[in-house]
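*Asks:* Let's see this in three dimensions:
(chains A, B, C and D)
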2 protein chains.
Amino acid sequence: MTNVFDDPRITAVGLLFEAHAGLSTRFTAQLEEHGLSAVEFEVITRLARSPGNQLRMTDLAAQTSLSTSGVTRVVDRMERDGLLVRQACPSDRRSSYAVVTAAGMQRLNETLPGHLQMIEQWFTGQLDPDALAALLDGLRRVRDAAHPCATAGSDDVSPDQQIIASDGATRP
Amino acid sequence: MTNVFDDPRITAVGLLFEAHAGLSTRFTAQLEEHGLSAVEFEVITRLARSPGNQLRMTDLAAQTSLSTSGVTRVVDRMERDGLLVRQACPSDRRSSYAVVTAAGMQRLNETLPGHLQMIEQWFTGQLDPDALAALLDGLRRVRDAAHPCATAGSDDVSPDQQIIASDGATRP
DNA sequence: GCCCAACGACTGCTTCAGCAACTATAACCG
DNA sequence: CGGTTATAGTTGCTGAAGCAGTCGTTGGGC
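*Replies:* As a prediction, the model looks like this:
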């Protein structure tokens, strides 16, 4: 099996992608025990860790892997299920906030312990602390280089756009 | 922003997922300059590095992130575009092979240099060799733990199932 | 040899996400 | 002011992917 397509660079990407796919599958299985899809969990988590448990639709789109129309529909579903509500923005009548309801917070609190356990079982617990730190350090650098800050809106990064990354860092 | 939802474990997953999403976006953009989607590229790469540039549909599904029905349709499209052909399996009339055509190999060879360059630019080139090795080592362990060997078929790992992982390792 | 369970591929149906078009509101600028 | 431009959100349409069901094929038990 030594041919041109076994480049170490391809292997590297394969590792990252397969690790992602594997974790993704595990997480999805646990989440749907609590009636949440992966996307819904990401949405509700992002909201729950934002001030007031709310975010404007556009900001939510920027923080997730979704387009604005994607966000519209996820919030539709979650509102239908009682996990979120839309709330008009008082200062800008174009905007609306997605706000987590009490039921949404409760659902999240039911889901989270199991989720954290899954992370430990399949990810962080697989490595000793030094190796984990090294892994995270590498990932952070790759993330900082490659992560598209402008999922929603412009094709490239606009200077005033602020993204809150998963580690809390705020980047232009 | 210090609240319950800023667990370091969540942050760790966030880093991995964002790194994946970022690379995914970069790669997708470059691939589609050559008329390939990410899935199509994965399919043709897996085939090209298999003996005879071919694989049975089921094996292809097991090696990719797709279900068997997903593979049927991707191969449909790629066959329509002349990149692959289906070939009957002489020893088992249920099976068919997906085989890369000359045009498919040419397309892959056109695409690959740019793709490798993207990997270097956004991933491997972001880290010095030691850090990269540490990152890959960590990823390999997470992958080995979490990667679902049985995407297609059974819900859990069946003992005789063989998966060729992206680093060439064959696992039960 | 015959039957039945297992297997490989394909298809109908559904869900989900993105793009592009559209509406309403805001901001800017003479 | 009035008009142009940009922004926030939604919606119609399309393509992609999974599940479950189907059909033909295979192989094992008897």
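
*Asks:* neighbours of the closest residue to DNA strand C within chain A, just the number please.
*Replies:* Going by C-beta to the nearest atom of the strand, DNA strand C is nearest to residue A:70 of chain A, at 2.5 Å. From N, CA and C alone the C-beta is placed, and that goes for glycine too. The number of residues packed near residue A:70 is 17, by other C-beta atoms under 10 Å in any protein chain shown.

*Asks:* my guess is residue A:68 meets residue A:56, correct?
*Replies:* No: applying C-beta atoms under 8 Å as the test, residue A:68 and residue A:56 come out as separate, 10.4 Å apart.

*Asks:* neighbour count winner among these two?
*Replies:* Counting neighbours by other C-beta under 10 Å for residue A:68 and for residue A:56 shows that residue A:56 has the greater number, 17 against 14.

*Asks:* hang on, the earlier thing: just the CA trace of the strand or helix carrying the residue of chain A closest to DNA strand C, in CSV.
*Replies:* Per DSSP states H and E: residue A:70 is located in helix A:68-80. Once non-C-alpha atoms are left out, helix A:68-80 reads as follows in CSV (Å, rounded to 0.1, in the frame of the first residue of the first chain):
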residue,chain,number,x,y,z
THR,A,68,-28.6,32.6,8.9
SER,A,69,-31.4,30.7,7.1
GLY,A,70,-30.2,27.5,8.9
VAL,A,71,-30.5,29.4,12.2
THR,A,72,-34.0,30.5,11.3
ARG,A,73,-35.2,26.9,10.9
VAL,A,74,-33.4,25.4,13.9
VAL,A,75,-34.9,28.1,16.1
ASP,A,76,-38.2,27.4,14.4
ARG,A,77,-38.0,23.8,15.5
MET,A,78,-36.7,24.6,19.0
GLU,A,79,-39.3,27.2,19.5
ARG,A,80,-42.0,24.7,18.5
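
*Asks:* So residue A:57 is in contact with residue A:72, correct?
*Replies:* Yes: contact criterion C-beta under 8 Å: residue A:57 and residue A:72 qualify, at 6.9 Å.

*Asks:* More neighbours: which of these two?
*Replies:* More crowded of residue A:57 and residue A:72, by other C-beta under 10 Å: residue A:57, with 19 against 14.

*Asks:* The most centrally placed residue in chain A and residue A:61: what is the separation?
*Replies:* Nearest to the mean C-alpha position of chain A, counting by C-alpha atoms, centre = their mean, stands residue A:42 at 4.5 Å. Separation of residue A:42 from residue A:61 (C-beta to C-beta, to the nearest Å) stands at 12 Å.

*Asks:* just residue A:54 next, same as before
*Replies:* 14 Å.

*Asks:* And for residue A:84?
*Replies:* Counting by C-beta to C-beta, the gap from residue A:84 to residue A:61 is 14 Å.

*Asks:* and if you look at residue A:43?
*Replies:* Distance from residue A:43 to residue A:61, by C-beta to C-beta: 10 Å.

*Asks:* what is in contact with the two at once?
*Replies:* Common neighbours of residue A:43 and residue A:61 (criterion: C-beta atoms under 8 Å, 6 or more residues apart in numbering or on different chains): residue A:71.

*Asks:* neighbour-wise, which of the two wins?
*Replies:* Set side by side, residue A:43 and residue A:61 show more neighbours around residue A:43, with 29 against 22, by other C-beta under 10 Å.

*Asks:* mind checking pLDDT for the nearest residue to that one once chain neighbours are set aside?
*Replies:* The shortest distance from residue A:43 to any residue other than its chain neighbours is 5.7 Å, reached at residue A:74 (C-beta to C-beta, 6 or more residues apart in numbering or on different chains). Looking at residue A:74, its pLDDT reads 98.

*Asks:* from what I can see residue A:74 touches residue A:39, true?
*Replies:* Yes: taking contacts as C-beta under 8 Å, residue A:74 lies within contact range of residue A:39: 5.8 Å.

*Asks:* Those two - which one has more neighbours?
*Replies:* The neighbour comparison of residue A:74 against residue A:39 (other C-beta under 10 Å) goes to residue A:74, with 22 against 19.

*Asks:* is stretch A:53-66 up against chain B anywhere?
*Replies:* Yes: Stretch A:53-66 lies within reach of chain B by C-beta under 8 Å from any C-beta of the partner chain, at residue A:65.

*Asks:* Measure how far the longest helix anywhere in chain A is from the centre of its chain, please.
*Replies:* Ranked by residue count, the top helix of chain A under DSSP state H comes out as helix A:8-33. Offset of helix A:8-33 from its chain centre (C-alpha atoms, centre = their mean, to the nearest Å): 14 Å.

*Asks:* So which bits of it are buried?
*Replies:* Across helix A:8-33, burial judged by 16 or more other C-beta atoms under 10 Å in any protein chain shown covers A:9-27, A:30-31.

*Asks:* Which residue ranges of chain A form helices?
*Replies:* Secondary structure of chain A (DSSP H): helices at A:8-33, A:38-48, A:57-63, A:68-80, A:102-122, A:129-146.

*Asks:* Any chance of these in TSV with distance to residue B:4 as columns?
*Replies:* Shown next, in TSV, are the helices of chain A (distance: least, C-beta to C-beta, whole Å):
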stretch	distance to residue B:4
helix A:8-33	18
helix A:38-48	8
helix A:57-63	18
helix A:68-80	20
helix A:102-122	8
helix A:129-146	20
